[in-house]
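Enquirer: Dropping a prediction and its sequence here:
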Amino acid sequence: MSVLKEDLVRLIDNPESLRRRKIKNKFFHVVLFLCTIFGVVVLAFLLYDILKKGLPWLSVDFIKNFPSRFPKKSGIYPALLGSLMLILLTTVIAFPIGVGTAIYLEEYAGNNRFTEFIKLNIANLAGVPSIIYGMLGLAVFVRALGMGRSILAGSFTMALLILPIIIISSQEAIRSVPGILKQASYALGTTKWQTVTGVILPYAIPGILTGTILSVSRALGEAAPLIVVGALSYVSFAPSSVMDAFTTLPIQIFNWASMPKKEFQNVAAAGIIVLLIILLAVNAVAIILRDKYQIRMKD
Amino acid sequence: MNKIKGLILVLLVSMLTLSAVACSKKPAALSGTVKADGSSTVGPITQAVAEEFKKVNKDVEIAVGISGTGGGFKKFVVGETDINDASRPVKKEEIDKAKANNIEMTEFEVAKDGIAVVVNKENTWVSDITVEQLKKIWSKDSTVKTWKDVDPSWPDIPIKLYGPGTDSGTFEYFTEEINGKAKEIRPDFTASEDDNVLVQGIEGDKGALGYFGLAYYEENKDNLKILKVNGVEPTLDTVMNGTYKPLSRPLYIYVNNKSLERPEVKEFVKFYLTKAKDLVKEVGYIPLEDSKYQEQLSKIK
């Protein structure tokens, strides 16, 4: 104890050491700031580049047109519709299953080897490369279940892809529900199901929604598994049912980016802007929903 | 309530008769779906044809995928697609697999593609290269590190190699023609599935040498230098008449014979061969001679 005190006194009394420590502090202040700014600068540069190339090409026609071999006439309509239908269906499939699994694992499942095994597997699945899900989707949904290369098959594949993330984030959210709230509910003689619907879900829903939306955003940007499942690069028609063939925004953008004609780079940039707008919109919906439920909780 | 039911019944009956009439007459408008997949090189041609075909036949739905020639054939031989785009002729085992599934196919050649051998704009020492020199550079156990290693009269500048990735049909074709065996190549070159990346790489590297589809050179003419191969420069004429050898190749579509009996597929293929001449040029490839298209058109009854 006394040694430490002596050390302290020596340090404080030594102006040279003080100076050095202050310089060190300054130095790391700057380094850490540069670390922070690095990502932002790169993002800003990318955005600037994309906006500069893409904005002049963005128009109502671009949204309404079909892809064309002429850059000027090219549009994103079938890909946009394909992406939106795919994402909607994916969410409808994955959300109930994911949240259901999380509730089961956190509230109902016994604390045994089997539960541990399932949890371990889900955690592992979250780290599996997305293309593997594509192969699984091709074998199971497209071929074995006979869905063909349809939006439905794509949605099921995407749902599998994002399920682990939904489950894990929902588990976290459910775990964060204070024990006293649950105990209070049980003390009133409610059943487990009543406690789940009356206390746990309302409290956990902001967290669950955040996790879901983040995973849906990921699905929106995926191309690899969909290519395996059989999303096409060009469709001459807008998808009208879930059994239709389809293409999506990332695939369309990739397709344009690899075209020989220089102007297609700009068309691709315009496509990226559309994709970004949709991503931001989806995220905005998530934030609005979350805030809404959070306010309700405080009341 | 009954009135409404009656009305619906009348409507239904009239619709049925109308459609029956429409069917009994020769169908005025085609409908149905045409599914194509396969080579990403041929894909743009098929897409261009689809774009034009759709203007005439609004109700026909056309879907074009680009899973690569081999990937496309995997779907084609089990009957999942009607047409397969191919940047090489069909292989024997693919025909056998198709036969096992009761599928017969017809081959149509639709265009030619030249592979351009390209160097940096500032490269002053080479404008003509031979197949032997290319082989020396690209072969599996190549020891070439600088341009001087290829030809003593060339400068002692490191040679940097750029080429399409291993899933590409261009890669397969180039290695087969130059190295004598498909997919055999030295491992230390910059590979990309996106030819635009190769273009950028060669543009920014004085010692660069690379190869890719002629269309990508045509679009970047001002920033690249193309080499003659065995003394012949790849142009529309030399590729069309076959004097640019060996780096020019035919592009095909394969059509499932059963699908070909369906009116929408039949019309689509006919349309393809009729319009190919102009459309092929617009997407950057080289058309066949007129007579070849005519000859193939007569194959379709």
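Expert: That came through fine. Residues are numbered from 1 along each chain as shown, chains lettered A, B, ... in the order given.
Enquirer: residue contacts, the residue of the stretch 1-150 of chain A found nearest chain B?
Expert: Closest to chain B within the stretch 1-150 of chain A is residue A:69: 4.3 Å, counting by Cβ to the nearest Cβ. Placement of C-beta: from N, CA and C, glycine included. Shown in contact with residue A:69 (Cβ atoms under 8 Å, 6 or more residues apart in numbering or on different chains): B:44, B:47-48, B:51, B:279, B:282-283.
Enquirer: same thing but at 6 Å, please
Expert: Residues near residue A:69 by Cβ atoms under 6 Å, 6 or more residues apart in numbering or on different chains: B:48, B:282-283.
Enquirer: Is the closest residue to it other than its chain neighbours within a helix or a strand, and which one?
Expert: Spatial nearest neighbour of residue A:69, chain neighbours left out: residue B:48 (4.3 Å); criterion: Cβ to Cβ, 6 or more residues apart in numbering or on different chains. Assigned by DSSP states H and E, residue B:48 belongs to helix B:43-56.
Enquirer: That helix packs against which elements?
Expert: Under the contact criterion of 3 or more Cβ pairs under 6 Å, 6 or more residues apart in numbering or on different chains; DSSP states H and E, helix B:43-56 touches strand B:60-64, helix B:263-282.
Enquirer: among the ones you listed, which is nearest chain A?
Expert: Taking Cβ to the nearest Cβ, strand B:60-64 is the member of the helices and strands packed on helix B:43-56 nearest to chain A, at 4.1 Å.
Enquirer: Does anything pack onto whichever helix or strand comes after the closest one? Which helices or strands?
Expert: Once strand B:60-64 ends, the next helix or strand along the chain (criterion: DSSP H and E) is helix B:69-76. Under the contact definition 3+ Cβ pairs under 6 Å, 6+ apart, helix B:69-76 sits against strand B:32-38, strand B:83-86.
Enquirer: Just name the most buried of those.
Expert: strand B:83-86 (a mean of 30; mean count of other Cβ atoms under 10 Å in any protein chain shown).
Enquirer: on contacts alone, who are the packing partners of that strand?
Expert: Of the remaining helices and strands, those touching strand B:83-86 by 3+ Cβ pairs under 6 Å, 6+ apart are strand B:32-38, helix B:69-76, strand B:248-256.
Enquirer: tell me the contacts of residue B:217?
Expert: When contacts are counted by Cβ under 6 Å, 6+ apart, residue B:217 touches B:116, B:118, B:226.
Enquirer: Likewise for residue A:261?
Expert: For residue A:261, the contact set (Cβ under 6 Å, 6+ apart) comprises residue B:219.
Enquirer: Pretty sure residue A:173 sits against residue A:204.
Expert: Yes - the criterion here is Cβ atoms under 6 Å, and residue A:173 meets it with residue A:204 at 4.0 Å.
Enquirer: Now the residue of the stretch 1-150 of chain A closest to chain B: phi and psi?
Expert: Main-chain dihedrals, residue A:69, degrees, to the nearest 10: phi -80, psi -10.
Enquirer: Can you tell me how far it is from residue A:261?
Expert: 9 Å (Cβ to Cβ, to the nearest Å).
Enquirer: go on, residue A:228?
Expert: 27 Å.
Enquirer: repeat for residue A:254
Expert: Remark: distance between residue A:254 and residue A:261 (Cβ to Cβ) = 15 Å.
Enquirer: again with residue B:224
Expert: From residue B:224 to residue A:261 the distance is 15 Å (Cβ to Cβ).
Enquirer: First residue to last residue on stretch B:176-195, what's the distance there?
Expert: Stretch B:176-195 stretches 19 Å from its first residue to its last (Cα to Cα, to the nearest Å).
Enquirer: I meant to write stretch B:67-83 there.
Expert: Terminal-residue distance, stretch B:67-83 (Cα to Cα): 13 Å.
Enquirer: Over to stretch A:123-133?
Expert: 15 Å.
Enquirer: got the residues of the stretch 1-150 of chain B near chain A?
Expert: Residues of the stretch 1-150 of chain B found near chain A (Cβ under 6 Å from any Cβ of the partner chain) are B:47-48, B:50-51, B:54, B:61-66.
Enquirer: Now restrict the contacts of residue A:69 to buried residues only.
Expert: Neighbour-count burial (16 or more other Cβ atoms under 10 Å in any protein chain shown) applied to those gives B:48, B:283.
Enquirer: Which of the contacts of residue A:69 sits closest to residue B:231?
Expert: Nearest to residue B:231 among the contacts of residue A:69 is residue B:283, at 28.4 Å by Cβ to Cβ.
Enquirer: Quick check: pLDDT value at the residue nearest to the closest one when sequence neighbours are not counted.
Expert: In space, and not counting its chain neighbours, residue B:283 is closest to residue B:44: 4.4 Å by Cβ to Cβ, 6+ apart. In this model, residue B:44 is scored at 89, pLDDT.
Enquirer: ok, now the one 3 residues further on?
Expert: Here the pLDDT value assigned to residue B:47 is 92.
Enquirer: ok, it to residue A:53 distance?
Expert: In terms of Cβ to Cβ, residue B:47 sits 22 Å off from residue A:53.
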